[in-house]
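Novice: pasting a predicted model and its sequence here:
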Amino acid sequence: MGKMGRFSFRGLEDLQKELRRLDRKTDAFLQSCARELAARLLRMVVKRTPVGEYGKGYATDADGNRVRYKAGKNKGKVKRVVVKKGGTLRRGWTAGGPARGYADSLAVHHRGDTYAIEIVNPVEYASYVEYGHRTANHKGWVRGHFMMTISEQELQTIAPQILEKRIREHLGGAMK
């Protein structure tokens with residue numbers, strides 16, 4: 001019969017201690033992952049949200065005075081044409097938490113195995129821009145921009161790579 005070699009359990013005991021330490025930090029780690037994904041989604045949806053242009057605008061001359069503008073009529077007199085810009089819808093996107101918009105302060109709701117952060121736009125016409133709507137005379141349809149829907153789908157495609165990288169970093173300390 002062959003001899004059995006010597007074996008030290010010291011390495012396994014150290015690994016067990018590291019895994020216990022990681023287990024205590026798991027909830028904080030999962031919350032930080034949820035915050036990162038929510039912040040990325042918020043950035044994507046804000047970037048994708050259209051900004052409206054309103055009114056006919058106005059033209060100014062070289063001195064900054066408003067002038068009547070007709071295309072092709074007063075080319076030499078007009079310095080620039082100003083059109084009113086919106087942005088209320090884009091500025092309306094928020095994620096839950098006291099300091100909205102900052103990834104570290106996003107309020108994470110934890111129920112069972114689910115970590116959730118609510119991203120909302122309280123602007124009253126946000127759903128109409130998202131999904132589309134009938135025209136005022138009910139004869140046509142204005143197509144939706146699907147800024148949240150598309151951003152969510154895009155995040156779902158990149159989330160596995162992001163989470164895999166974060167998990168490797170988190171476990172890397174225990175597996176030294």
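Specialist: Now that the structure is in, tell me what you want to look at. Computed from a predicted structure; not experimentally measured. Residues are numbered from 1 along each chain as shown.
Novice: neighbours of the closest residue to Val120 other than its chain neighbours, how many?
Specialist: Distances taken as CB to CB, 6 or more residues apart in numbering place Thr94 nearest to Val120, at 6.1 Å, with adjacent residues excluded. C-beta coordinates here come from the backbone N, C-alpha and C atoms, glycine included. As a burial measure, Thr94 scores 16 neighbours (other CB atoms under 10 Å).
Novice: hmm, Thr94 is touching Ala126, no?
Specialist: No: Thr94 lies out of contact with Ala126 (CB atoms under 8 Å); the separation is 11.3 Å.
Novice: for the protein, give me the ranges with low pLDDT.
Specialist: Along the chain, segments meeting pLDDT under 70 span 1-5, 7, 15, 22, 55-59, 61, 67-84, 97-105, 173-176.
Novice: the residue nearest the centre of it and Lys25, how far apart?
Specialist: For the chain, the residue nearest the mean C-alpha position is Leu42 (1.7 Å; CA atoms, centre = their mean). Distance of Leu42 to Lys25, computed by CB to CB, to the nearest Å: 25 Å.
Novice: what is the neighbour count of Leu89?
Specialist: Neighbour count of Leu89, defined by other CB under 10 Å: 22.
Novice: just give me the neighbour total for Ile158.
Specialist: 12.
Novice: mind listing the strands for this structure?
Specialist: 53-60, 66-67, 80-85, 94-95, 109-111, 114-116, 119-120, 132-134, 141-143 (DSSP state E).
Novice: residues in contact with the fourth one?
Specialist: Spelled out, it's strand 94-95. Strand 94-95 is touched from outside by 38-39, 42, 100-101, 106, 117-122, with contacts defined as CB atoms under 8 Å, 6 or more residues apart in numbering.
Novice: starting at the chain centroid, how far to that strand?
Specialist: Centre-to-centre, strand 94-95 and its host chain are 9 Å apart (CA atoms, centre = their mean, to the nearest Å).
Novice: in its sheet, what does it sit against?
Specialist: Partner strands and pairing direction for strand 94-95 (DSSP bridges) are strand 119-120 (antiparallel).
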